[in-house]
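Visitor: give me a model of this one.
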Amino acid sequence: MSEYQYYEFRAIDRSLDRSAMSALRALSTRAQITSASFTNEYSYGDFRGDPDKLMEAYFDAHLYVANWGTHQLMLRVPVQLLPLSAVGPYTAEEGLRAWATGTHVILDFASRSEDDYGWTEGAGQLDPLLPVRAELLAGDLRALYLGWLAAVESGEIDEGATEPPVPPGLGTLSPALTDFAEFLRVDPDLIEIAASASGSQVPTGPSVADLASWVAELPEGEKNTALVQLLGGEGASAAVDLLSQFRADAARATSRGGASPPGARRTVGELLAARERVAEENRRRAAEKKAHEESRLARERAEARASLGYARREGSESLARSGNRGRNEIAQTVRPRDSTTYRSPRPRATGRRDARVRPARRRIAGTAPQETVLHRAVGQSRNAQVKGPQWIVPSLMRMNPRPRSSAPRSPG
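Guide: Residues are numbered from 1 along each chain as shown. As a prediction, this is how the structure comes out:
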């Protein structure tokens with residue numbers, strides 16, 4: 001099987017200008033390049049660019065898939081909305097890398113599995129994962145915890161290590177996070193165990209009412225600055241700055257009210273042991289379900305065989321009864337009868353019409369009156385044993401022999 005590598009980059013917050021597109025074209029002459037994306041696949045050779053540097057300079061999302069089992073998703077988020085300090089507890093050498101530039105934090109999620117070597121297709125896999133970035137911008141850290149679980153799954157984290165803070169809503173993943181967990185090959189049983197320590201309140205972005213109330217209290221100068229940035233084509237940057245300030249004010253208000261203490265942290269070994277117990281219980285239930293299904297199928301097959309045997313017996317008995325009835329009907333049809341009933345004297349022709357009919361009957365060459373042949377056949381069957389249809393057919397043929405040819409001779 002030949003090698004396969006798929007690269008896709010996506011610009012979300014800001015489009016690529018001509019200078020950026022020219023720089024990307026210098027990296028590949030076959031790639032599909034637009035103002036919002038860079039896409040290419042390789043069956044041989046390698047990409048000449050550096051994904052880390054391209055993410056720092058141009059793009060907000062990157063997907064890489066190789067048919068030797070590598071899955072990689074990179075996301076770039078504004079540092080004001082997701083500081084590197086919030087990401088640090090979830091990082092690991094394999095599952096999640098993170099670093100900061102002057103304005104952004106780069107997240108690199110990866111999963112490598114030699115067992116998954118084979119045919120794969122990268123096209124179409126990035127779009128379902130893009131909402132993960134929007135959820136991170138809204139303060140939802142579940143993707144970071146899933147990246148840490150991917151490192152646990154790969155065995156890169158020691159069993160004595162303690163888990164990072166468990167974000168709320170881990171038991172009810174969004175469709176994008178479900179696809180994300182599958183992309184990173186995180187065991188659903190492991191997610192189920194981790195979710196037992198997760199709250200039910202899923203983080204969401206601020207409501208319109210909350211934002212309106214907060215904006216009304218902003219100083220006039222900050223509002224004017226944000227409007228100038230919006231009109232100058234820097235609306236995304238203005239939104240990031242304002243949203244970051246809103247979260248900071250909300251966090252201070254929450255801290256004044258008193259935050260709930262975090263729950264007890266579990267070790268990696270405890271998570272893996274609990275996962276094994278859940279997996280064993282799931283296997284036991286699957287075995288019981290399979291045994292129940294096999295028992296049901298065996299019972300249905302036995303009932304089907306019994307019904308088939310009954311139908312065969314009924315069919316044989318019915319066929320025997322039908323055969324006896326048919327033979328009796330044949331015997332009744334051809335049984336010997338009193339020949340005197342067929343020898344009653346025929347009235348002699350007296351009128352002109354009857355006199356004309358007799359010569360016409362005689363002119364039928366080789367044809368005897370049907371009554372005479374029938375009389376002869378019945379007379380022969382007197383005191384004879386009925387032999388069945390093989391006797392009837394020749395007799396009926398003798399009753400109506402084929403007439404001789406009466407074609408006129410050609411003149412000599």
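Visitor: state the mean pLDDT of stretch 32-46.
Guide: Stretch 32-46 shows a mean pLDDT of 92.
Visitor: what comes up buried for it?
Guide: Of all the residues in stretch 32-46, those buried under the rule 16 or more other Cβ atoms under 10 Å are Ile33, Ser37, Phe38, Thr39, Asn40, Glu41, Tyr42. Backbone N, C-alpha and C define where each C-beta goes, glycine included.
Visitor: what is the end-to-end distance of it?
Guide: Stretch 32-46 stretches 16 Å from its first residue to its last (Cα to Cα, to the nearest Å).
Visitor: who's in contact with that stretch?
Guide: Applying Cβ atoms under 8 Å, 6 or more residues apart in numbering, the contact partners of stretch 32-46 are 2-12, 15-17, 21, 24-25, 28, 30-31, 47, 54, 59, 122-123.
Visitor: what ranges does the stretch 1-150 of the chain have for its strands?
Guide: 5-10, 32-33, 37-42, 61-66, 70-78, 96-100, 104-112 (DSSP state E, counting those that start in this stretch).
Visitor: pLDDT below threshold where in the stretch 1-150 of the chain?
Guide: Residues of the stretch 1-150 of the chain meeting the criterion pLDDT under 70: 1, 116-118.
Visitor: wait, which of the buried residues of stretch 32-46 is closest to Leu190?
Guide: Here the nearest of the buried residues of stretch 32-46 to Leu190, counting by Cβ to Cβ, is Glu41; it sits at 31.7 Å.
Visitor: that closest one pairs with what?
Guide: Beta-bridge pairing of Glu41 under DSSP bridges involves Tyr6.
Visitor: so how far is Gln5 from it?
Guide: Separation of Glu41 from Gln5 (Cβ to Cβ, to the nearest Å): 7 Å.
Visitor: now Trp68
Guide: Going from Trp68 to Gln5 by Cβ to Cβ gives 9 Å.
Visitor: so for the two, which sits in the more crowded spot?
Guide: Taking other Cβ atoms under 10 Å, Trp68 and Gln5 do not tie; Gln5 has more neighbours (20 against 15).
Visitor: quick check: chain neighbours aside, which residue is closest to the more buried one?
Guide: Spatial nearest neighbour of Gln5, excluding adjacent residues (Cβ to Cβ, 6 or more residues apart in numbering): Tyr42 at 4.5 Å.
Visitor: one more: Ala181?
Guide: Using Cβ to Cβ, 6+ apart and skipping the chain neighbours, the partner closest in space to Ala181 is Leu146 (5.2 Å).
Visitor: could you do Leu107 as well?
Guide: Leu75 (4.6 Å).
Visitor: what's across from that neighbour in the sheet?
Guide: Under the criterion used (DSSP bridges), Leu75 bridges to Ala61, Leu107.
Visitor: wait, it sits on Ala134?
Guide: No - checked against Cβ atoms under 8 Å, the pair Leu75 and Ala134 is beyond contact range at 10.2 Å.
Visitor: neighbour count winner among these two?
Guide: A direct count of neighbours by other Cβ under 10 Å for Leu75 and Ala134 places Leu75 higher, at 26 against 13.
Visitor: look at Ala311 and say how many residues are nearby.
Guide: Neighbourhood size, Ala311 [other Cβ under 10 Å]: 10.
Visitor: please apply the same query to the one 3 residues further on.
Guide: Around Glu314 sit 10 other residues, with neighbours defined as other Cβ under 10 Å.
Visitor: from the contact counts, what lies against the helix or strand it falls within?
Guide: Following DSSP states H and E, one finds Glu314 within helix 268-334. The contact analysis (3 or more Cβ pairs under 8 Å, 6 or more residues apart in numbering; DSSP states H and E) places helix 268-334 against helix 142-153, helix 188-195, helix 389-399.
Visitor: where among these is average confidence lowest?
Guide: Lowest mean pLDDT of the helices and strands packed on helix 268-334: helix 389-399, a mean of 52.
Visitor: so the residue lying closest to Arg142 once chain neighbours are set aside, which state does it fall into?
Guide: Among residues not flanking Arg142 along the chain, Pro167 sits closest, at 4.9 Å (Cβ to Cβ, 6+ apart). Here Pro167 is coil, with the state taken from DSSP: H, G, I helix; E, B strand; the rest coil.
Visitor: contacting residues around Pro167?
Guide: So Pro167 contacts Asp140, Leu141, Arg142, Leu144, Tyr145, Ser198, Pro203 (Cβ under 8 Å, 6+ apart).
Visitor: go through those residues and name the one nearest Leu272.
Guide: Tyr145 (15.7 Å).
Visitor: that closest one: how many residues sit nearby?
Guide: Using other Cβ under 10 Å: Tyr145 sits among 24 other residues.
Visitor: same deal with Pro168?
Guide: Neighbours of Pro168 using other Cβ under 10 Å come to 17.
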